[in-house]
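Colleague: Below is the sequence, then the predicted model.
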Amino acid sequence: MGTGIDLAAIEKAFVEAAIDPERWNDAMEVATKATGSFGAVLFDTHGRLHGFPQSESMRPASESYVRDGWIDRDIRYELAPIIARRGIATDLDLLTPERIRQHAYYQEFLAPFRLRWFAGVKVASGDSLWCLSLQRSISQGPFPREQLLALTGLSHRLGAASAISRMLGFGRIDTALEVFETSGTPAIVFDLRGDVLRLNGSAERLLCAELSIIGRRIASIDRRATAAFERALKQVIIDSPRAAASAPVALPRFGRRPLLAYVLGLKSVAYNPLAPGQAVAVFIDPEAEKQPGFAALQTCFSLTQAEALLAQKLGTGRSLEQAAFERKISYETARNQLKAVFAKTNTHKQTELVSLLTNLCAESPAKRFLTAPFERPE
């Protein structure tokens, strides 16, 4: 006897979304159609996240879910242990039909949208537990037993998509941290709970008594700064559906100006809910010499190595004579290199060149340092 559920279509849609995070909502549409449901949502059973993937049919209910505070009163989170153990759970594993007819979650929240029943399918991702929530209307009734048995098998089939998502996620994290390291920028990637997942060498060298990692959390010597950093993480991971970078968090140091930490929720770039990394923080030292990255100069203006090194020196305010001395080249050689730099940057005076390079450095650190390494390749 057929179940009427196209498991292969759902599995294929999840794998495609794992590769291309912009297709997660499309995967929810496929899951809805393949199971004959009213709608589908993908959510984390450990935390109440906003901005989760969903089918279009669920959008009005999802808006109410967040706006009216049902996200914090969702009784279905109590089903997480059953979902983890069995791979699937329904409302009837938690409440009797009579209790469902009386419960505020079902009557005050779901009923106005003609919703009542659901089946939650386990989607394991490392130590995270996600749930494919398949929603059915009042008139559709609960999922029959044969369909629930089929959906139990779906949980195993979605493991491949989970593995692909994590593999690609870690690959992107490592690549991004290498980019940050090349520019000498300390960077730390965090998981869904705000725990430290990976950090580059520059970040490791930054750690000391003033800034440390305790229990996989960032800790400053100032408790208020630690709390501010935690709020920034919470803002970009949980509170905002598509949060951009947080305001800079000042992390005090002994006898020096504070470090500035910029936190970005990676879903603002390309949200992959199953990816291991969900936020990244970069640390800017206000006392460090601000100069455009060497690789950036070469790439942006097609400068040779020698020309980029000279431009880098001039961008910090040095005179041509000082730059030539520090580069250990003659003044005449420096002049010739400067002429080539003028031509390639479309500038005509040293003041114009310095202004151009200053603007390069003045671009928002959150945008310049955070976004580019994580952008999805074309």
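Modeller: In hand now; what should we look at?
Colleague: Would you map the helices across the stretch 1-150 of the chain?
Modeller: All helices of the stretch 1-150 of the chain, identified by DSSP state H, counting those that start in this stretch, fall at 7-19, 24-35, 59-67, 80-86, 97-102, 104, 145-157.
Colleague: and of those, who's closest to Leu199?
Modeller: Nearest to Leu199, of all the helices of the stretch 1-150 of the chain, is helix 7-19, at 24.7 Å by CB to CB. All C-beta atoms are positioned from the backbone trio N, CA, C, and that covers glycine.
Colleague: how far away is the spatially most central residue of the chain from Pro186?
Modeller: The residue lying closest to the centre of the chain (CA atoms, centre = their mean) is Leu266, at 2.0 Å. As judged by CB to CB, to the nearest Å, Leu266 and Pro186 stand 17 Å apart.
Colleague: same thing with Gly194?
Modeller: Computed as CB to CB, the Gly194 to Pro186 distance reads 18 Å.
Colleague: Also Asp91?
Modeller: With CB to CB as the criterion, Asp91 and Pro186 are 47 Å apart.
Colleague: where are the low-confidence patches of the stretch 201-350 of the chain?
Modeller: 239-246, 267-274, 288-301 (pLDDT under 70).
Colleague: rerun at 80
Modeller: 237-247, 264-278, 285-302, 315-317, 345-346 (pLDDT under 80).
Colleague: Could you pull out the strands in it for me?
Modeller: Listed in chain order, the strands of the stretch 201-350 of the chain (DSSP state E, counting those that start in this stretch) span 211-214, 217-220, 249-253, 256-265, 279-284.
Colleague: could those be laid out in JSON lines, adding distance to Thr45 and mean neighbour count?
Modeller: Below are the strands of the stretch 201-350 of the chain laid out as JSON lines (distance: least, CB to CB, whole Å; neighbours: other CB atoms under 10 Å):
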{"stretch": "strand 211-214", "distance to Thr45": "26", "mean neighbour count": "15"}
{"stretch": "strand 217-220", "distance to Thr45": "22", "mean neighbour count": "20"}
{"stretch": "strand 249-253", "distance to Thr45": "29", "mean neighbour count": "19"}
{"stretch": "strand 256-265", "distance to Thr45": "20", "mean neighbour count": "20"}
{"stretch": "strand 279-284", "distance to Thr45": "19", "mean neighbour count": "24"}
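Colleague: Turn those into CSV, including distance to Glu181.
Modeller: Output for these, formatted as CSV (distance: least, CB to CB, whole Å):
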stretch, distance to Glu181
strand 211-214, 18
strand 217-220, 19
strand 249-253, 20
strand 256-265, 17
strand 279-284, 11
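Colleague: Please identify which of these is closest to Leu356.
Modeller: Using CB to CB, those put strand 279-284 closest to Leu356, at 20.9 Å.
Colleague: just how off-centre is the closest one within its chain?
Modeller: 12 Å (CA atoms, centre = their mean, to the nearest Å).
Colleague: That strand: partners in the sheet, and parallel or antiparallel?
Modeller: Strand 279-284 pairs in its sheet with strand 187-190 (antiparallel), strand 256-265 (antiparallel), by DSSP bridges.
Colleague: Can you say which of the ones you listed is nearest to Gly201?
Modeller: When those are compared by CB to CB, strand 187-190 sits nearest Gly201, at 9.9 Å.
Colleague: Excluding its own residues, what touches that closest one? List them.
Modeller: Identification of contacts with strand 187-190 by CB atoms under 8 Å, 6 or more residues apart in numbering yields 173, 176-177, 180-181, 196-200, 202-203, 218, 233, 237, 277-283, 369.
Colleague: Can you select the buried ones from those residues in PyMOL?
Modeller: Filtering the contacts of strand 187-190 down to the buried ones (16 or more other CB atoms under 10 Å) takes a single PyMOL command:
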select buried, resi 173+176+177+180+181+196+197+198+199+200+202+203+218+233+237+277+278+279+280+281+282+283+369
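Colleague: So which of the contacts of strand 187-190 belong to helices?
Modeller: The helices, defined by DSSP state H, take in Ile173, Ala176, Leu177, Phe180, Glu181, Ser202, Ala203, Leu233 from the contacts of strand 187-190.
Colleague: most tightly surrounded among the helices of the stretch 1-150 of the chain?
Modeller: Per residue and on average, the most neighbours among these fall to helix 24-35, with a mean of 22 (mean count of other CB atoms under 10 Å).
Colleague: Run the angle between that helix and helix 7-19 for me.
Modeller: 180 degrees (axes from the mean of the first three to the mean of the last three CA atoms, to 10 degrees).
Colleague: Next, the angle from helix 24-35 to helix 145-157.
Modeller: 150 degrees.
Colleague: Could you name the helices and strands sitting against helix 24-35?
Modeller: Packing contacts for helix 24-35, counted by 3 or more CB pairs under 8 Å, 6 or more residues apart in numbering; DSSP states H and E, involve helix 7-19, strand 39-44, strand 128-137.
Colleague: so for that helix, what's the average pLDDT?
Modeller: Averaged over helix 24-35, pLDDT sits at 94.
Colleague: export it as CSV, just CAs?
Modeller: Output of helix 24-35 as CSV, limited to C-alpha atoms (Å, rounded to 0.1, in the frame of the first residue of the first chain):
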residue,chain,number,x,y,z
TRP,A,24,16.1,26.2,1.7
ASN,A,25,12.6,27.8,1.3
ASP,A,26,12.3,25.9,-2.0
ALA,A,27,13.1,22.7,-0.1
MET,A,28,10.2,23.5,2.2
GLU,A,29,7.9,23.9,-0.8
VAL,A,30,9.0,20.5,-2.1
ALA,A,31,8.5,18.9,1.4
THR,A,32,5.0,20.4,1.5
LYS,A,33,4.0,19.0,-1.9
ALA,A,34,5.7,15.6,-1.5
THR,A,35,3.8,14.9,1.8
